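S.K.: fold the following and give me the result.
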Amino acid sequence: MKRIQILSIIGYAIAITACTEENKVEEQVQKALEPSLDTLRLALDWSPNVLHAGIFYADYSGKLAEHGIYLDWFTTEIDDYKKKPIQRLLDREVDLAIGPSEHLFYFGDTSEQQFAVAVATILQQDQSAFAVKTNSGITSPQALDNKTYIGYNTPLENNILRSMIQHDGGKGTFESVTPPRLSVWEAFMKNEGDAVWIFTHWEGALAKAKGEQLNYFYPADFGVPYGYSSVIMANQSRTAEKDALIQRLLTVLRRAHQTLVTLDTEDVVKMLQDYHKHPNFEDTEMLTLAWEDIRFSFLNPEGSWGVMQHEVWQKYYDWIAQQEATAVPQNVQDVRLFYEAFEVE
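M.R.: As a prediction, this is how the structure comes out:
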């Protein structure tokens, strides 16, 4: 159920003349009479899933509206992921985008100050791993030599997997195939390759719900200091008004995540199913598995949400800069260029 953006009284009058259903007319008139909300447009990193549960809960619970915010979000499904969320951000199509931290290193011109920065991380613990089917007999990255990796055609994934294999004693030689991004998981399940890079809280839960056992290989366990896989990004250059609005949003999201992780799993699942009608949210068993996998990764040990550690950024950037055939800016004096330490109240 995609929400209708708040319009002006004049806009509603025009809409009403074209509407034939009385209940729709009444709903639009009521919306028009509500106090104006400040709009933020957000590009999600993927199709809607439990990673976005805190964002959805902030909206579903009415907390965003209470703080004068209307969040207009959409997913990569609008164009089958032909355009990355960060590219929409840099093109000023949106105010915020979600994506992996490495996108900040690869996209944008730092010399012209036209680039994106992370303003919060959604997760505090790594939920990203390379996966193989347990029945394949592959029990470590070394065994992926001469196998087939089903990838997303991103600038870094092959480097990460190759380094993991070499760290584990292998040569790092494998074939890579790249189906359409939103079809990668389906290709893996159809045995079109041996390994895939997934989120354990989503594709991992999908596999578990179908009785398919997977072995996970986390980059950090095999020599790659992987960074934050899901950060909220904003343009580095923005107005003071937009800055204050983003700060307000982050405060609401912090409180929403802190509340959400205390709720019973069945209540969280019901919230997702009620909030947005989507095939991803139809399977209650799978959603339950997905939420249980991710729920303890949103907050740090102190119970805070969104905070980022400088050493995580520094180690990941340093590792990437050392890789061959990677076009990250080499003249960066301080990795803080890529993130901002917002004080989330």
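S.K.: CA only for contacts and neighbour counts going forward, please
M.R.: Will do.
S.K.: wait, isn't residue 119 in contact with residue 342?
M.R.: Yes. With contact defined as Cα atoms under 8 Å, residue 119 reaches residue 342; the gap is 6.2 Å.
S.K.: so these two - more neighbours on which side?
M.R.: Neighbours per residue (other Cα atoms under 10 Å) separate residue 119 from residue 342, with residue 119 holding more: 26 against 17.
S.K.: can you classify that one as helix, strand or coil?
M.R.: strand (DSSP: H, G, I helix; E, B strand; the rest coil).
S.K.: tally of neighbours for the residue nearest to it when sequence neighbours are not counted?
M.R.: Spatially, and ignoring its direct neighbours in sequence, residue 119 is nearest to residue 340 (5.3 Å; Cα to Cα, 6 or more residues apart in numbering). Using other Cα under 10 Å, residue 340 has 16 neighbouring residues.
S.K.: and for residue 215?
M.R.: Close neighbours of residue 215, defined as other Cα under 10 Å, add up to 18.
S.K.: could you list every residue that touches it?
M.R.: If you count contacts by Cα atoms under 8 Å, 6 or more residues apart in numbering, residue 215 has them with 131-134, 138-139.
S.K.: and which of the residues you listed is nearest to residue 181?
M.R.: Of all the contacts of residue 215, residue 181 sits closest to residue 131, with 16.4 Å by Cα to Cα.
S.K.: give me the element the closest one is part of.
M.R.: Assigned by DSSP states H and E, residue 131 falls within strand 128-133.
S.K.: helices or strands up against that strand?
M.R.: If you count contacts as 3 or more Cα pairs under 8 Å, 6 or more residues apart in numbering; DSSP states H and E, strand 128-133 packs onto strand 195-199, strand 214-217.
S.K.: how does it look with 10 Å?
M.R.: Where contact means 3 or more Cα pairs under 10 Å, 6 or more residues apart in numbering; DSSP states H and E, strand 128-133 is packed against strand 148-150, helix 157-167, helix 184-189, strand 195-199, helix 203-209, strand 214-217.
S.K.: using CSV, lay out these together with distance to residue 300 and mean pLDDT.
M.R.: Output for the helices and strands packed on strand 128-133, formatted as CSV (distance: least, Cα to Cα, whole Å; pLDDT from 0 to 100):
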stretch, distance to residue 300, mean pLDDT
strand 148-150, 32, 98
helix 157-167, 25, 95
helix 184-189, 29, 96
strand 195-199, 19, 97
helix 203-209, 22, 97
strand 214-217, 22, 98
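S.K.: leaving out chain neighbours, which residue sits closest to residue 207?
M.R.: Once flanking residues are discounted, residue 207 sits nearest to residue 213: 6.8 Å by Cα to Cα, 6+ apart.
S.K.: how much space between the residue nearest to residue 119 and residue 258?
M.R.: Distance, residue 340 to residue 258, by Cα to Cα, to the nearest Å: 21 Å.
S.K.: which helix or strand contains residue 287?
M.R.: Residue 287 belongs to helix 284-294 when assigned by DSSP H and E.
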